[in-house]
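S.K.: sequence plus the predicted model coming up.
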Amino acid sequence: MKIKRLDHHGIVAGVIDDLNMVPLLDKHLPQDDLQEISPGEAIKGMIMNGLGFCNRPLTLSPQFFANLPMEHLFREGVEASHFNRHKLGRTLDQCYDFGCESLFSLVSHQACEIEAVDCQFKSLDTTSHSLTGEYAHDEEGCDEHVIRITHGHSKAHRPDLKQVVQEMIVSQDGGIPLAVKNWDGNSADTKVFKERAKALVKMVKTAPKPNYLVADCKLYHKDNAEFLSQLTFITLIPSTIKLEKTLITEALAAQEWTTIDDNYQYTVNEVEHMDIKQRWIVVNSKAAGERATKTISRQADRAKEKLDKELFHLQAQRFTCKEDALKSLAALNKRQKYHQLTELNCIAHKVYEGKGRPKKDAPVKQIVWQTSAVVELNDKAIQHAIEQKSCFILATNADEKALSPERILHHYKAQSVVERGFRFLKDPLFFVSSLFIKKPSRIDALLMIMTLSLLVYSIAQRRMRASMKKANETIPNQINIPSATPTLRWVFQCFEGINLVQTTEIYGKTSIYLDGFNKLREKIIHLIGGHSLHLYNIQKNGVGV
């Protein structure tokens, strides 16, 4: 009798097979007849390792596969020892030599065609991955095009570590990654977005239907104007642009809002900015106003503490003339944003000749001045700041008939699909947390394969949720409440404890059974469908099936 753990790995392997990833990768990567597994199978193994959520680095892949049914998940003859660090390292090198960005685009394009993913609305964003260790990229013979792992603005809040910047485009339909590229650790978003906009212009010209690029305010920059004019975009206007504050102030003064729901209302302005005709939708959010009230209240409290200290030290000074004393108070008052100094006053102090207590008729050497003031809250300034922060402007050059303001707001809010993808990649249980690789080129390739893992995960989750919606089905969540939108991570946890049991009976006949399979797990497999049905349906009339 042989017992192997299947758990959720059949879902991952089944989706990879449904997307025909292995044949496609083997078609483009060099083959070695002396190797037990192909590059495509090696990448499939790395994806399964990543989606195993066991926090094992690639060097321990044979250990990860030791208790899995390899012939069932891959093919006959595949063993755990074949996924050694030498084979995986060479596969990473092959990915880098082919071009990580191009290879990912090929796989993603094929996957989106197979799954009929709607790629009309694309969300673009960047993040940073912090790395430990020394990476000498200036060594002789190092590829000049390899990413530079260095210090930069850390979005992971680890400025002490070196990093690499990752750019990703995902479809708003299911959050499927469409393109990925890794950049030097000190690359700025404006540079990344400029290069991406340039590449997207070429894609848009061959696209069969309108495509919309959704991004945050870093996309809207004068250096990108040339390419933005050729794209259809939805983006947030940076608060550093003067016209942004002007239009928000005018909208607040006019109070001519169109209501969307209890939270949002808007007004539309036709503008020409950076030589691009566009619509700027001023959106007023009740929720943003509530957040702004709390934020500005904290800022005002901190500002008062600082002002009290500055005023205390200023009052300890002595000025030779009254005008200088009043000027210092005025300068301090001018720097305040949420407070104001009132009852400004100067107190005269006589300075006598000599030391000690002056005599009754001692002559006055000079008169010095001491400042005096009272700190008051500037309610008008605070209210103005709250109102400004409760509004934001979305810009688009899309035709009004094609995209209404309501849809523009909807698709901008869907920008969160990128952020969820980045959170997935940075999960402590995902193998990105331990990049025990010294070559920057291999890290570049591994980040691409990690994003392939996100691709498989997103497609499986999208497929499952779409089936649940179509069949009006639910499954219990973590607290046993029916959910129509469960995460695939939770589904993976539900599959813990499924074993593949192989027995050899009389006359050498082999029987295979699933142990631990129940109605809930069978229901989920039918919702996901595809090759997973075969992997979890070994014997139609047998134990556990």
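M.R.: Great, that's in hand. Remember, it's a predicted structure, so these values are computed and weren't measured experimentally.
S.K.: my guess is residue 412 contacts residue 237. True?
M.R.: No: look at residue 412 against residue 237 with C-beta atoms under 8 Å: they stay out of range, at 11.3 Å. C-beta: built from backbone N, CA, C; applies to glycine.
S.K.: for the two, list the residues in contact with both.
M.R.: residue 394 (C-beta atoms under 8 Å, 6 or more residues apart in numbering).
S.K.: helix, strand or coil: sort out the residue nearest to residue 260 when sequence neighbours are not counted for me.
M.R.: Distance criterion C-beta to C-beta, 6 or more residues apart in numbering; nearest residue to residue 260, sequence neighbours excluded, is residue 406 at 5.7 Å. Secondary structure state of residue 406, per DSSP: H, G, I helix; E, B strand; the rest coil, is helix.
S.K.: what distance do you get for residue 406 to residue 336?
M.R.: Note on residue 406: its distance to residue 336, by C-beta to C-beta, to the nearest Å, is 40 Å.
S.K.: please say which of those two ends up with more neighbours.
M.R.: Legend: neighbour count by other C-beta atoms under 10 Å for residue 406 and residue 336, higher for residue 336 (17 against 14).
S.K.: got the contact list for the more buried one?
M.R.: Residue 336 sits in contact with 303, 307, 378, where contact means C-beta under 8 Å, 6+ apart.
S.K.: any idea how far it is from residue 305?
M.R.: In terms of C-beta to C-beta, residue 336 sits 13 Å off from residue 305.
S.K.: one more: residue 246?
M.R.: Distance from residue 246 to residue 305, by C-beta to C-beta: 33 Å.
S.K.: now for the helix or strand of the chain with the lowest mean pLDDT, which elements pack on it?
M.R.: The weakest-scoring helix or strand in the chain, judged by mean pLDDT, DSSP states H and E, is helix 189-206 (a mean of 77). Helices and strands touching helix 189-206, by 3 or more C-beta pairs under 8 Å, 6 or more residues apart in numbering; DSSP states H and E, are strand 121-131, strand 162-171, strand 212-215, helix 225-228.
S.K.: how about a cut-off of 6 Å?
M.R.: Contacts defined by 3 or more C-beta pairs under 6 Å, 6 or more residues apart in numbering; DSSP states H and E place helix 189-206 against helix 225-228.
S.K.: give me the residues contacting the helix it packs on.
M.R.: Under the criterion C-beta atoms under 6 Å, 6 or more residues apart in numbering, residues 197, 198, 201, 274 lie in contact with helix 225-228.
S.K.: most neighbours of all these, which one?
M.R.: residue 197 (23 neighbours).
S.K.: not counting its neighbours along the chain, what's nearest it?
M.R.: residue 227 (3.8 Å).
S.K.: what about the one you found, distance to residue 188?
M.R.: 16 Å.
S.K.: any stretches of the stretch 101-250 of the chain with poor pLDDT?
M.R.: 133-144, 204-208 (pLDDT under 70).
S.K.: ok, the residue nearest to residue 198 when sequence neighbours are not counted - how many residues close by?
M.R.: Closest residue in space to residue 198, ignoring its immediate chain neighbours: residue 227 at 5.4 Å, by C-beta to C-beta, 6+ apart. Residue 227: 19 surrounding residues under other C-beta under 10 Å.
S.K.: mind checking the SS state of residue 278?
M.R.: Taking three-state DSSP, the label given to residue 278 is strand.
S.K.: contact partners for it?
M.R.: 395, 397.
S.K.: who's it bridged to?
M.R.: residue 271 (DSSP bridges).
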